[in-house]
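Undergrad: Structure for this input, please:
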Amino acid sequence: MGAPPARAKSSVGAGDRWQIEVDRSLCIGSASCLHHAPDGFRLDAGRQSRPVRAEADANEKILAAAEGCPVEAIMITLLGSGEPVFPPEE
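TA: Now for the predicted structure:
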């Protein structure tokens with residue numbers, strides 16, 4: 001079996017704002033993100049994920065969507081500093 005999915009190093013920080021991006025070259029349209037965060041992501045006509053908003057308050061559902069993406073196509077960084085939230089730095 002493959003390696004377990006990466007997990008974020010820290011929990012969701014109260015008051016944090018995130019930049020959310022989907023790498024469309026990686027997205028396979030599994031819709032796993034919609035399962036975890038139905039208000040945070042949409043599939044476009046090509047069945048690829050897009051964040052509903054590029055910036056959002058930190059929340060567990062968005063983090064769960066990123067962690068649950070089978071190809072790790074969702075990137076979350078702290079707004080302002082650019083510090084990675086997910087995927088975590090190795």
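Undergrad: ok, which stretches of the protein are helices?
TA: Listed in chain order, the helices of the chain (DSSP state H) span residues 32-36, 60-68.
Undergrad: can I get the ones you listed in TSV with mean neighbour count and distance to residue 44?
TA: For the C-beta atoms, the positions are set from N, CA and C on the backbone; glycine is no exception. Output for those, formatted as TSV (neighbours: other Cβ atoms under 10 Å; distance: least, Cβ to Cβ, whole Å):
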stretch	mean neighbour count	distance to residue 44
helix 32-36	19	12
helix 60-68	20	16
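Undergrad: Any chance of those helices in TSV with mean pLDDT and distance to residue 79 as columns?
TA: Formatted as TSV, the entries for the helices of the chain read as follows, by pLDDT from 0 to 100; distance: least, Cβ to Cβ, whole Å:
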stretch	mean pLDDT	distance to residue 79
helix 32-36	97	19
helix 60-68	97	13
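Undergrad: Ok, which of the ones you listed comes nearest residue 46?
TA: Ranking these by distance to residue 46, with Cβ to Cβ as the measure, places helix 32-36 first at 14.8 Å.
Undergrad: Remind me what the closest one packs against, helices and strands.
TA: Based on contacts counted as 3 or more Cβ pairs under 8 Å, 6 or more residues apart in numbering; DSSP states H and E, the elements that helix 32-36 packs against are strand 41-43, helix 60-68.
Undergrad: right, so of these, which gets closest to residue 49?
TA: Residue 49 sits nearest to strand 41-43 of all the helices and strands packed on helix 32-36, at 5.1 Å, using Cβ to Cβ.
Undergrad: Contacts only, for the spatially most central residue of the chain.
TA: With the centre of the chain defined as its mean C-alpha position, the nearest residue by Cα atoms, centre = their mean is residue 66, 3.2 Å away. The neighbourhood of residue 66, defined by Cβ atoms under 8 Å, 6 or more residues apart in numbering, consists of 8, 33, 72, 74, 75, 76, 85, 86, 87.
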